[in-house]
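> Based on what follows, work out the 3D shape:
(4 chains)
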Number of protein chains: 2
Amino acid sequence: MNGSRSAYTRKRILDAALRLFAVKGNKTSLREITAEARVNVSAVNYHFGSKEGLIQAIYQHRVRALNQTLLKSLDNLEEKAGSGTPVEAKDLIEAYFRPLLQHALTDTLAVPGNDPALREPHVLLRTLIMNGHSEVLQRFRLAFSRALPDMPDDELVWRLLFMLGAASCAVAGREGLLNALNPMHSEPFCPESLFQKLLTFLVGGFLAPLPGMQNAALAVKVASPQQYPGIAGP
Amino acid sequence: MNGSRSAYTRKRILDAALRLFAVKGNKTSLREITAEARVNVSAVNYHFGSKEGLIQAIYQHRVRALNQTLLKSLDNLEEKAGSGTPVEAKDLIEAYFRPLLQHALTDTLAVPGNDPALREPHVLLRTLIMNGHSEVLQRFRLAFSRALPDMPDDELVWRLLFMLGAASCAVAGREGLLNALNPMHSEPFCPESLFQKLLTFLVGGFLAPLPGMQNAALAVKVASPQQYPGIAGP
DNA sequence: GTCTATATCATGATAGAC
DNA sequence: GTCTATCATGATATAGAC
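Next up, the predicted model:
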C-alpha cells in the first residue's frame, strides 16, 4: 500500500509550509514551499486542493483541539450548574474567550512566539469558521440564550459577533492597529493582562441593557432616525 | 505641459476601477480595469504604485470626508460642553461610531448599494488607517481621556481597539460571519437598528468597571452597574 | 492511488526602451 | 509619461511513471 508514502509527502509539505509560514507569513509562495519540501508543485494541489487548503490544513489540528477544549469546558460548566439552572453569562464568556485568546496568542504555531498570518485581523476568525468552529459557536449560543432568556435572538447573535470582533482586534492589535492609536508603545505585553481587559469589556458590552430601554440607566438616547439612510450633510 | 493628459489618464483609471469594484469587488483584475479604461496596464502602477494604491486612491476622498465629519462633530461637542467640562464618553462614542458605521454601510461607493470589499472584515479599518484616520483617532482618544480621567491610558487604548473590532464586525457581519452564528437569519437588515445594537454594546463595554474592581468608580460616573430587568445573574 | 513533469493561463509587479 | 516586454506567482490540466 502506498498510503504511508502519501502520508509522508503530505507531512513533508506541511512541515515545510509550517517552517516557512512561521518566518515569512502566509505570503510565502507555493514554489518556495515545494522547493523546501523537495516536492513537485502539483503535489500541494493534489493533497490540499489549493494554497488556502494547505493553510487550513496547518491550522486544522490546533483549531480542532481548541474546539474540543471549548466544548469540554462548556460541558463542565453545565454539569456543575445542574440541568435546571443555566450557566451564568459571564462564566460563558470567560469559558469561551480565554481559550480562544490563549489559542490565538500563544498556541499559534509550533515555532514558538510567531505567526504573522494570525496577526492580520480576522484571519483568526476565518480559520476558525473553516474548521468546524461553527458548531462550537452554536453550542455557546444556546448556552447564552439559556443564561439570558429575555434577550432577543437577534440581539444575542449580534452581541456575540461584536464580542468576536473585539477579541479579534485583541489578537491583532499588538501589531499595526495599536500603533495607530498609541504611537508611544507603553506597556510590555502580557497575555493575562490583555485577557482581563478584554473580559471586562466583553462582559460590560454583552450585559448592557437592551437598546431602546428608556428606564435602563445605560440606555442610549435614540437619535434622529432621519439620518438613515443616506448621506447627511458635508 | 502634459499634466492635463496625466490627470486625464488617472481619472479614466479611477472611474473604471470605481465602476468595476462596485460590481465585482476589489478582486477585479487590473487588466479588466485597464481594458475598461482603455489604458495600458502599467499606467496603474505608474499613477498609483500598485493595485492597493489604486484602491486606497478610490477611498481616499470619502475617508477624508469622514475624517472631516468626525473632527467637526467632535469640535461641536467640545464647544457645546464648554472648555471646562469634558464631553461625556457615551456622546463621544456616538459621535465617532455613528458616522463611521454610516460611512461603512451606506456611503461605501458612489455606485449605490454595494461595496463587496468593505464587507470583508477589517478592510474598513485598514483603509481608514491608511488615509489619515490616525490623527482623528488621536483626537478622540484625548477626548475620551478627558471624559474618563481615572481610566489608565493603557486600558483606554485597548478599549478603543476593542470597540473598533466590534464595529468592524458590525459592518462585516452581514455577509459571512453572521451565517456561522445564525444560519436562520430572518430579520431584515436595518442600519439604524444595527447601530443601536452596536452602540449599546460599545457603551456597556467601554464603561465597564476596570478589571479587578468589583464596584468601580468608573461605573459610578454613569450609573450603578445594573442590568436591565429580567436578565439573570449577579 | 500517488506523484512527477510539463504546459497553459490570468494575474500583479517591474525594468527598460521610447 | 507611456508602453513593451518580462518575470513570479497561483491555479489548473494532461500525460505518464510507479
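> Can you show me the CA trace of the strand or helix carrying residue A:33 as CSV?
Applying DSSP states H and E as the criterion places residue A:33 in helix A:30-37. In CSV, the C-alpha atoms belonging to helix A:30-37 read as follows (Å, rounded to 0.1, in the frame of the first residue of the first chain):
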residue,chain,number,x,y,z
LEU,A,30,3.9,27.6,-3.1
ARG,A,31,7.1,27.3,-5.1
GLU,A,32,9.2,28.2,-2.1
ILE,A,33,7.4,25.6,0.0
THR,A,34,7.6,22.8,-2.6
ALA,A,35,11.3,23.6,-3.1
GLU,A,36,11.9,23.4,0.6
ALA,A,37,9.9,20.1,0.8
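> Any buried residues in it, and which?
Of the residues in helix A:30-37, A:30, A:33, A:34, A:36, A:37 count as buried by neighbour count, 16 or more other C-beta atoms under 10 Å in any protein chain shown. To be clear about C-beta, it is placed using only N, CA and C from the backbone, and glycine gets the same treatment.
> Same check on stretch A:78-88?
Within stretch A:78-88, the residues scored as buried using 16+ other C-beta under 10 Å are A:78, A:81, A:86, A:87, A:88.
> Just the CA trace of that stretch, in CSV.
C-alpha atoms of stretch A:78-88 as CSV (Å, rounded to 0.1, in the frame of the first residue of the first chain):
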residue,chain,number,x,y,z
GLU,A,78,-23.3,23.0,32.5
GLU,A,79,-22.7,19.9,34.6
LYS,A,80,-21.6,21.9,37.5
ALA,A,81,-24.6,24.2,37.2
GLY,A,82,-27.0,21.2,37.0
SER,A,83,-29.6,20.5,34.5
GLY,A,84,-32.1,23.0,35.8
THR,A,85,-30.1,26.2,36.2
PRO,A,86,-28.3,27.9,33.3
VAL,A,87,-24.7,28.8,33.3
GLU,A,88,-24.1,32.5,34.0
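> circling back: of the buried residues of helix A:30-37, which fall within the contact range of DNA strand D?
residue A:30 (C-beta under 7 Å from any atom of the strand).
> Which one of the buried residues of helix A:30-37 is nearest to residue A:73?
residue A:33 (34.9 Å; C-beta to C-beta).
> at contact distance from chain B, anything in stretch A:152-171?
Yes. If you take C-beta under 8 Å from any C-beta of the partner chain as the test, stretch A:152-171 does meet chain B, through A:153-155, A:157-170.
> Report the buried residues of that stretch.
A:155-171.
> Also stretch A:86-106?
A:86-101, A:103-105.
> Around DNA strand C, which positions in chain A sit nearby?
Residues of chain A found near DNA strand C (C-beta under 7 Å from any atom of the strand) are A:2-3, A:5-6, A:8-10, A:39-43, A:46-47.
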